[in-house]
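In: 3D model of this:
(one chain, ligands or ions: 2)
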Amino acid sequence: MDYLKTKTDLQQSLNQIIDETPIIDIHTHIYDTNFKSLLLWGIDELLTYHYLVAELFRMRYDLNAEEFWALSKTKQAELIWENLFIKNSPVSEACRGVVTVMSRLGIKNIRNQKLDDIRKFFSQYPIKDYINRVFELANVKEVVMTNDPFDDLERPVWLENPKIDPRFNAALRIDPVLMQWEQNACPRLKSWGYDVETDLSKNTLAEIRRFLSDWIDRMKALYMAVSLPPTFYFPEESTRGTIIKECILPVCREKQIPFAMMIGVKKLINPALKLAGDGVGKADLNAVENLVRMYPKNKFLVTLLSRENQHELCILGRKFGNLMIFGCWWFLNDPSIIEEMTRERLELLGLSFIPQHSDARVLDQLIYKWHHSKLLFKTILLDKYNDLLLAGWAPTPEEISRDVQNLFSGNFKKFLAL
Ligand code: RAT
Ligand code: ZN
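Out: Ligands and ions are numbered 1, 2, ... in the order given. Got it, this is the predicted structure:
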């Protein structure tokens, strides 16, 4: 056996394994080419990412939001470039991300480039080649999209039975069913031929189940997903509570797919900023505890937006095998917090979690989100294996490779197969 007996040996082996192990990115907002304009890529999309829009309004408090939104995308991108990259150093994680993407694509001397020249660089690629290039650079072998049947651009694509690129898996996103039943989901289901009423009669609940099943089958969805506010509770005598109990959970059981809950978003605390206007709040984890205990035959994928919830979530994870903790979501996807959360999870959960997802909204972001996280995983795992070495356990490269594979794809696949 080839045991790794020094920190230097561990480091060499680990760095290579982390670079070479392909990833399944379990939550993104990117699409395959069938979805046409929904697939975002290139420099203008990178610069107008909503994380950067929020940062622009800090630097330019004088800017009127309506005037900003009325500008063309190229003008918005120029404003962000000028204010967040030229007039100030781009040190925030989202700004650094844009720089990493450009560097790793081979753009030299980024700071002295004209945006128009960078645009030309991106436009040299046919989109299919560009997808391959990005997947290769990020070493991502598959992604899971976020698929919303209530989206008027997305829904018609699915209805034409598209042949989806096998690297792009689907997840059925159902926020309107749980968050806006009366005013939005109910009338729309009705218009699509489901016999539903706003009251939740037996028949309406059966029709909601039929709707969910139809769309899981149509999309071949790997899981059903929702984003929930910090006030989310379960069990609850409410429309949301009833639909979860009577529709979501039974359909997930029948289809043997997980229910993914992303909890902690305070939607539109600053409405003028649109997608960039959401905030965060601490969730009540009794809700998750009740769900995983009351429904042992259901599988739950959970990520929480509040840093303050993370330790409690790990403890819950130790008690319930039907709970799979994933990712450092959105406001947590920053080096200092990824570092803290990943160490905490390794210490409390061993290797039984999914350390990261990208949440990429722009294809190219796969490059930086994974590059930055992998840099951190190299340091964190080196510490963990070295501590183990000092305790008297020398791992082999094969064992490290097995562990990293589980973190990067295996844990997700095994959880789906349960
Ligand atoms: O991270 C984000 O980009 C957010 O805007 C949301 O998309 C969030 O991840 C979600 O899926 O609701
Ligand atoms: Zn997301």
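In: Quick check: nearest residue in space to S409, chain neighbours excluded?
Out: Nearest non-adjacent residue to S409, counting by C-beta to C-beta, 6 or more residues apart in numbering: I24, 4.1 Å away. Glycine gets a C-beta too; all of them are placed from N, C-alpha and C.
In: What pLDDT is listed against that neighbour?
Out: At I24, the model reports a pLDDT of 99.
In: Name the residue of the stretch 151-300 of the chain that lies nearest to ligand 1.
Out: S227 (3.9 Å; C-beta to the nearest ligand atom).
In: on that earlier part again, now do the SS call for the residue nearest to S409.
Out: Secondary structure assignment for I24 (DSSP: H, G, I helix; E, B strand; the rest coil): strand.
In: moving C-terminal of the helix or strand harbouring L390, what's the next helix or strand?
Out: Assigned by DSSP states H and E, L390 belongs to helix 365-391. Sequence order places helix 397-405 as the next helix or strand after helix 365-391, per DSSP H and E.
In: Identify the residues contacting that next one?
Out: Outside of helix 397-405, the residues within contact range by C-beta atoms under 8 Å, 6 or more residues apart in numbering are D2, L4, L10, S13, L14, I17, I18, T21, L351, L381, Y385.
In: Now the two most distant members of these.
Out: Farthest pair in the contacts of helix 397-405 (C-beta to C-beta) is D2 and L351. Separation: 20.6 Å.
In: between these two, who's got more neighbours?
Out: Comparing D2 with L351 by other C-beta atoms under 10 Å, the one with more neighbours is L351, at 16 against 10.
In: need the contact list for the more buried one.
Out: By C-beta under 8 Å, 6+ apart, the contact list for L351 reads D403, N406, L407, N411.
In: so what's the nearest residue to the residue of the stretch 151-300 of the chain closest to ligand 1 once chain neighbours are set aside bridging to?
Out: Spatial nearest neighbour of S227, excluding adjacent residues (C-beta to C-beta, 6+ apart): M262 at 4.5 Å. Note on M262: beta-bridge partners by DSSP bridges are S227, T303.
In: So what's the residue count around A206?
Out: Neighbour count of A206, defined by other C-beta under 10 Å: 15.
In: which residues touch L200?
Out: Here L200 is in contact with T239, T242, I243, E246 (criterion: C-beta under 8 Å, 6+ apart).
In: Could you check which helix or strand contains it?
Out: Using DSSP H and E, L200 falls within no helix or strand.
In: Could you do the one 5 residues further on as well?
Out: When secondary structure is defined using DSSP H and E, the element that contains L205 is helix 202-219.
In: where does V265 fall, phi/psi-wise?
Out: phi -90, psi 130 (degrees, to the nearest 10).
In: cool, G279 as well?
Out: As for G279, its main-chain torsions (degrees, to the nearest 10) stand at phi -120, psi -170.
In: That one contacts P271, doesn't it?
Out: No. The pair G279 / P271 is not scored as a contact, 11.4 Å apart, by C-beta atoms under 8 Å.
In: Please say which of those two ends up with more neighbours.
Out: Legend: neighbour count by other C-beta under 10 Å for G279 and P271, higher for G279 (14 against 9).
In: List the contacts of that one.
Out: V265, K266, I269, N270.
In: before we move on, back to that, the contacts of L200: which two are farthest apart?
Out: Within the contacts of L200, two members stand farthest from each other by C-beta to C-beta: T239 and E246, at 10.7 Å.
In: Ligand 1 contacts on the stretch 301-418 of the chain?
Out: Applying C-beta under 6 Å from any ligand atom, we find that the stretch 301-418 of the chain lies next to ligand 1 at W330, D359, R361.
In: what helix or strand does the second one sit in?
Out: So that's D359. With DSSP H and E as criterion, D359 is part of no helix or strand.
In: where does it land on pLDDT?
Out: In this model, D359 is scored at 98, pLDDT.
In: From G264, how far out is it?
Out: 14 Å (C-beta to C-beta, to the nearest Å).
In: Look at those two and report which has more neighbours.
Out: Using other C-beta under 10 Å as the criterion, D359 and G264 rank with G264 on top: 27 against 21.
In: can you tell me which residues contact that one?
Out: G264 sits next to L228, P229, P230, V280, G281, K282, A283, L304, L305, S306, N309 when contact means C-beta under 8 Å, 6+ apart.
In: Using neighbour counts, trim those to the buried set.
Out: Neighbour counting with 16 or more other C-beta atoms under 10 Å marks L228, P230, V280, G281, A283, L304, L305, S306, N309 as buried within the contacts of G264.
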